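Trainee: Let's see this in three dimensions:
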Amino acid sequence: MMDTDNDTAPSGDLEDKLTLTTTGLESHVLSEDLPIQPYPRSPKLLRKITEISGRLAQEQLSKNLHELKAERQKTEAHLESLKKRRANLTSNMEAMKQELKARFDDIHDALQRDEQTVLDSLEVDRRETSSKLTRVIKDWTQHLNQVQKNITNIQTALEKKEPQDLPEEFSSQKKPCTAEDNIKLNEDRFQKLLKTLQRISKDLQGQLQRKSFLLDSANVVIDRETSHKHVLVTRKGQSLCVSTELRPSQQQQHPLQFDKVYCALGTVAIAKGQHYWEVNVTCCPNWAVGVAYVSLQRKGNDKNAKLGRNCNSWCVELRDGNLTAWHNDRYVALTGSVGRKPPSIVGVIVNYEKGRVAFYDGGTMTLLHEFSATLNPVFNQAHHHFTEPLYPAIRFLKPQEAHVGPIHIEIANLQI
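Mentor: Numbering: from 1, shown residues only. From the prediction side, this is the model:
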């Protein structure tokens, strides 16, 4: 029997499927070989799209124009503000100059008035002395005339050989009065005046220098937490004293507290600029005042924890009446202080960028010592280009046995 399935033609459904498949393959081939044509748009639609695009572009341009006008207005206002500031800067500076000039004029006027008063007093002294001498000269002139008259009379009598006509006695001698020696300018007063003016001039020069330092005055506050437990610091941090008593807060030792050396540091670091402060050491017989890095050793009693005995600190030191300057365990004896009263106030000025620290007698503004790379080749110059922030530093040294009274140091209040 023959297989009828092989000889029978395909049914209608099968033909439809074959047709769809063939059409799909042809479509695939066409999509691979030919580009797809866009759907044609009507001219009306294109005009509408163009209108919308133009309107959007115009709106964007209008927005940009508005923003630019606003920016222009803001820039013009800012420029006007800057110009006003420049004009105000000039006018303010002129006002400041006039005010400063008025202050200096007051000083000049006071000096000129005092100068005129002194010159007038000298002139009065000259006139009075001259008047006294004039009276004495007149008296001696009269005496000279009388002596000359007597000489003439005697000569005439001798020539006439008539001695009987002469008086029995001649008043021919006149002794200088001791009061005449006292008729002179008051030179003692003049010398006192010169010395006073010299002292005033020196003090004035010092105060003028101090004036420039005060413009850079620093508000130094001592760190109560890290100072030695027997160095008591007031609440404001500007007065220190040595005491055997402990504050309640010092029962627990701070990790950065000095445990052996009676030392204290400031709370604020100096990392740039110029700064000046003064330390009153009147009531402390032995002290060290200076600056130190935060890396200064706090524990132990060796050189690394003492001001000036290491490369991390600089100071001037008064010990048993001897004033010295210390850095890196080397010192310079301040010979200018020999035979002179030690300073009661120490001025400290630091210029961080220049690597300079200098100490002054705060009373006379006499330079005690300056550490800098240019002026102190004896010291390690590398450390005058500061590598760390600096802190004001104070150390109490062992007092003399003869010292009586409290030992304390104060930071001067330089706020103008």
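
Trainee: Now do the contacts for the residue nearest to Arg224 when sequence neighbours are not counted.
Mentor: Counting by C-beta to C-beta, 6 or more residues apart in numbering, Arg224 lies nearest to Val233, which is 4.3 Å off, once chain neighbours are set aside. (Each C-beta comes from the backbone N, C-alpha and C, glycine too.) By C-beta atoms under 8 Å, 6 or more residues apart in numbering, Val233 lies in contact with Ile222, Asp223, Arg224, Ser227, Ser239, Leu240, Ala264.

Trainee: Please check the residues you listed and keep the buried ones.
Mentor: Buried members of these, scored by 16 or more other C-beta atoms under 10 Å, are Ile222, Asp223, Arg224, Ser227, Leu240, Ala264.

Trainee: So which of the residues you listed belong to helices?
Mentor: Residues of these located in helices (DSSP state H): none.

Trainee: tell me the two of these that are most distant?
Mentor: Spanning the widest gap among these are Asp223 and Leu240, at 10.8 Å by C-beta to C-beta.

Trainee: Strands along the protein, start to end?
Mentor: Assigned by DSSP state E, the strands in the chain fall at 231-233, 239-242, 263-265, 274-280, 287-293, 313-319, 322-327, 330-333, 345-351, 356-361, 366-371, 390-396, 408-411.

Trainee: Output these as TSV; include the columns mean pLDDT and distance to Asn150.
Mentor: Below are the strands of the chain laid out as TSV (pLDDT from 0 to 100; distance: least, C-beta to C-beta, whole Å):
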stretch	mean pLDDT	distance to Asn150
strand 231-233	92	92
strand 239-242	92	86
strand 263-265	96	91
strand 274-280	97	78
strand 287-293	97	81
strand 313-319	96	77
strand 322-327	95	74
strand 330-333	93	76
strand 345-351	97	74
strand 356-361	96	70
strand 366-371	93	68
strand 390-396	97	86
strand 408-411	94	81
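
Trainee: Nearest to Asn92 among these would be which one?
Mentor: Closest among the strands of the chain, using C-beta to C-beta: strand 274-280, at 24.1 Å.

Trainee: Can you name every helix or strand that the closest one contacts?
Mentor: Strand 274-280 is packed against strand 345-351, strand 408-411, with contacts defined by 3 or more C-beta pairs under 8 Å, 6 or more residues apart in numbering; DSSP states H and E.

Trainee: Any regions of the stretch 101-250 of the chain where pLDDT drops low?
Mentor: Within the stretch 101-250 of the chain, the segments meeting pLDDT under 70 span 162-172, 246-250.

Trainee: the helices in it, which residues?
Mentor: For the stretch 101-250 of the chain, applying DSSP state H, counting those that start in this stretch gives helices covering 187-214.

Trainee: returning to what we had before: show me which of the helices and strands packed on strand 274-280 has the highest average neighbour count.
Mentor: strand 345-351 (a mean of 23; mean count of other C-beta atoms under 10 Å).

Trainee: Please work out which residues outside that one touch it.
Mentor: Outside strand 345-351, the residues that touch it by C-beta under 8 Å, 6+ apart are 210, 213, 216, 270, 273-282, 289-291, 316, 356-363, 365, 368, 390, 392, 412.

Trainee: circling back: find residues that contact each of Asp223 and Leu240.
Mentor: In contact with both Asp223 and Leu240: Val233, Ala264, using C-beta under 8 Å, 6+ apart.

Trainee: tell me the domain boundaries of this structure?
Mentor: 55-185, 231-411 (automatic domain parsing).

Trainee: which residue packs closest to the residue sitting nearest the centre point of the chain, ignoring adjacent ones?
Mentor: The residue lying closest to the centre of the chain (C-alpha atoms, centre = their mean) is Asp216, at 2.4 Å. Leaving aside its sequence neighbours, Asp216 sits nearest to Gln274 (C-beta to C-beta, 6+ apart; 4.6 Å).
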